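Chemist: generate coordinates for the sequence data below:
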Amino acid sequence: MLGLWMLTTLVLTKSYAGNLMSLLAVRYLPQPFQTLEDVLDHPSVAMIWQKYSKNEEFLRGVQFGMFREVADLEEKGRLKFHTQTQFSKSLDTLVRTGDHVFVDIDTTVKNLRAIDVSKKGRCDFYLSRDGFLPFSSSIISQKTNPIIKGLNPRVIALTESGIFKYWLQDVPNFTRCNNVPKKVALSTTLSFTNLWGVFVLLAGGLAAGLVVWSLELLNLPNKKSSWKTT
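Modeler: Numbering: from 1, shown residues only. Model prediction:
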């Protein structure tokens, strides 16, 4: 009985010590999707692309290569097209659950993340290291429009000065989550939920001892009678 109790105590003590150490351990934040191939190879993750965009048109017409594989995912239910007005809701529901990813231009995704950070106060999303789509913006007019000659150099000057990029990034918390750490040291304050094992161990030991002591008392008269008989 004593050996069994010592073995049980040892196992519970080691488990409890490991639980306390895990509260102070370094936790790694997973970032599994860094390339488009990572998403393609994951059978349970769907992509969200912008609806009514040049990217959707490109996927509809691509004939071979990696983007052809992406387009084929629509038949499997792993490719969805949402409008920009749906992006915020999709981010807060589908992407937050971990089974959807956004594929769009860098600025759009960062704007969505910045808005979410302003609401939640924390960085819940990360951007992949690799880029998949080119970004292009332009002003479209008729070929015979006389203002084109004067507009072109001004647009080039604004682009080279970075004013377009500044306008697109003029969102609060736009750069707050650019360098999200992959590992974070977290410490949790001790509470009853962390210490309940100590009390269970103490109560279990007292209960087991009480049961053994009661059995010894009940068995004591039988021993005395056996002594007198002999």
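
Chemist: and stretch 154-169, what's its mean pLDDT?
Modeler: Across stretch 154-169, the average pLDDT comes to 82.

Chemist: can you give me the buried ones in that stretch?
Modeler: residue 168 (16 or more other C-beta atoms under 10 Å). Yep, even glycine has a C-beta here, placed from its N, CA and C like the rest.

Chemist: which residues does the nearest residue in space to residue 104 that is not next to it in sequence contact?
Modeler: Distances taken as C-beta to C-beta, 6 or more residues apart in numbering put residue 50 closest to residue 104, at 5.5 Å, once the chain neighbours are dropped. Taking C-beta atoms under 8 Å, 6 or more residues apart in numbering, we find residue 50 in contact with 56, 81, 82, 83, 84, 87, 104, 108.

Chemist: filter those residues down to the ones in strands?
Modeler: Those of the contacts of residue 50 mapping onto strands are 81, 82, per DSSP state E.

Chemist: quick check, nearest of the contacts of residue 50 to residue 205?
Modeler: residue 87 (57.7 Å; C-beta to C-beta).

Chemist: span of stretch 122-134 from start to end?
Modeler: Chord length of stretch 122-134, first to last residue, is 29 Å (C-alpha to C-alpha, to the nearest Å).

Chemist: could we number from 21 for the rest of this?
Modeler: With the count now opening at 21, the last piece we talked about shows up as stretch 142-154.

Chemist: what pLDDT, on average, does it get?
Modeler: Averaged across stretch 142-154, pLDDT comes to 82.

Chemist: mind putting the contacts of residue 70 into CSV with neighbour count, distance to residue 233 and pLDDT?
Modeler: Listed next are the contacts of residue 70 as CSV, based on neighbours: other C-beta atoms under 10 Å; distance: C-beta to C-beta, whole Å; pLDDT from 0 to 100:
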residue, neighbour count, distance to residue 233, pLDDT
76, 15, 77, 90
101, 17, 73, 95
102, 18, 69, 94
103, 11, 74, 93
104, 13, 74, 88
107, 20, 69, 92
124, 21, 71, 89
128, 16, 72, 86
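
Chemist: mind listing the strands for this structure?
Modeler: Using DSSP E, strands in the chain cover 46-48, 66-70, 99-102, 120-122, 203-205.
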